[in-house]
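Asker: Got a predicted model here, sequence first, then my questions.
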Amino acid sequence: MPKVFIVSDVHGHFTQLQKALSEAGFDEQDEQHFLLSLGDHFDRGRENAEVYTYLRRLQEKKKAEALLGNHDTFLLEFFEKQDDRVRFNIAHNGFGATLESFSGIPYEGPASLDIMRRRIHSRYPKLYDWLRERPLFLERGPYIFVHGGIDGSDPNWRETPGHDLVWNYQSELPGIEGRTLVVGHERTVMIRMKRGEVRSIDPGAPALFDVIEEADRVFIDGAVEFSGRINVYTLELDEPIIQKEA
């Protein structure tokens with residue numbers, strides 16, 4: 001039976017991703033193993049290009065899929081020259097680390113953005129199209145995978161704007177009857193704080209960052225930038241995440 005290894009919010013931490021997948025038993029040589037990343041592949045960490053290259057390699061082998069996250073849209077804004085947003089994300093969201101990882105040169109202020117764009121286009125010519133092609137959600141059996149969240153009270157939820165799907169917080173939205181939503185985006189420690197279960201973020205208390213598994217919702221973002229770890233949630237499905245061509 002196909003087994004899917006689900007991660008989210010890797011945020012450029014390739015070394016931690018490899019460690020987490022190894023500990024979870026992911027074997028890319030096993031024809032029944034598949035990797036699904038729920039988005040936010042980039043920013044904050046220093047190994048953004050390595051994350052992208054790894055995902056692309058597994059995708060070419062039909063071993064992985066990657067959804068779009070809100071941080072991934074920052075790169076789209078960069079390529080589309082929305083430089084006010086780019087400067088904001090460099091200042092507040094760790095986006096400078098992404099640009100430096102892909103371009104191989106340091107960010108030296110707004111005047112360097114065009115230089116970095118040309119450099120990234122040259123080094124990773126398929127990156128922009130790859131980002132544009134990322135699905136916003138996937139459905140497999142009783143499970144729905146999405147980065148942010150889906151308003152289960154809306155019978156037309158599949159028509160939800162992409163911005164909402166990557167930015168919503170599922171903890172604030174109703175689920176979908178008869179389905180289980182598996183999401184990233186909202187750090188599990190923050191959900192525990194919001195619910196009054198804990199009062200502060202303590203990197204020395206690993207249980208705070210564990211997966212939160214409920215009947216109709218599963219939250220997996222382990223806040224790698226605080227905890228130094230990436231959660232891997234595994235499921236056995238009746239069908240693989242990626243359908244191989246006959």
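Answerer: Cool, got the structure. Residues are numbered from 1 along each chain as shown.

Asker: show me what contacts the residue lying closest to residue 216 once chain neighbours are set aside?
Answerer: Ranked by CB to CB, 6 or more residues apart in numbering and with sequence neighbours excluded, the top spatial neighbour of residue 216 is residue 175, at 3.7 Å. The way it works is simple: take the backbone N, C-alpha and C, and place the C-beta from them, glycine included. When contacts are counted by CB atoms under 8 Å, 6 or more residues apart in numbering, residue 175 touches 152, 181, 216, 217.

Asker: pLDDT wise, what is residue 175 at?
Answerer: With respect to pLDDT, residue 175 scores 95.

Asker: Am I right that it is in a strand?
Answerer: No: using DSSP: H, G, I helix; E, B strand; the rest coil, the assignment for residue 175 is coil, not a strand.

Asker: tell me which of the contacts of residue 175 is nearest to residue 204?
Answerer: Comparing these against residue 204 with CB to CB places residue 217 closest, at 27.1 Å.

Asker: The closest one pairs with what?
Answerer: residue 181 (DSSP bridges).

Asker: before we move on, what about residue 137?
Answerer: Beta-bridge partners of residue 137, as defined by DSSP bridges: residue 146.

Asker: close enough to count as contact, it and residue 144?
Answerer: Yes: counting by CB atoms under 8 Å, residue 137 touches residue 144, with 6.1 Å between them.

Asker: mind listing the helices for the chain?
Answerer: 14-24, 48-60, 70-79, 83-92, 95-103, 113-123, 127-132, 162-167, 188-194, 224-227 (DSSP state H).

Asker: just to revisit the earlier point, out of the contacts of residue 175, which are buried?
Answerer: By neighbour count, with 16 or more other CB atoms under 10 Å, those hold 152, 181, 216, 217 as buried.

Asker: what's the neighbour count on residue 147?
Answerer: Other residues near residue 147 come to 29 when the count uses other CB atoms under 10 Å.

Asker: circling back: and which of the contacts of residue 175 is nearest residue 199?
Answerer: Using CB to CB, residue 217 is the member of those that lies nearest residue 199, at 23.2 Å.
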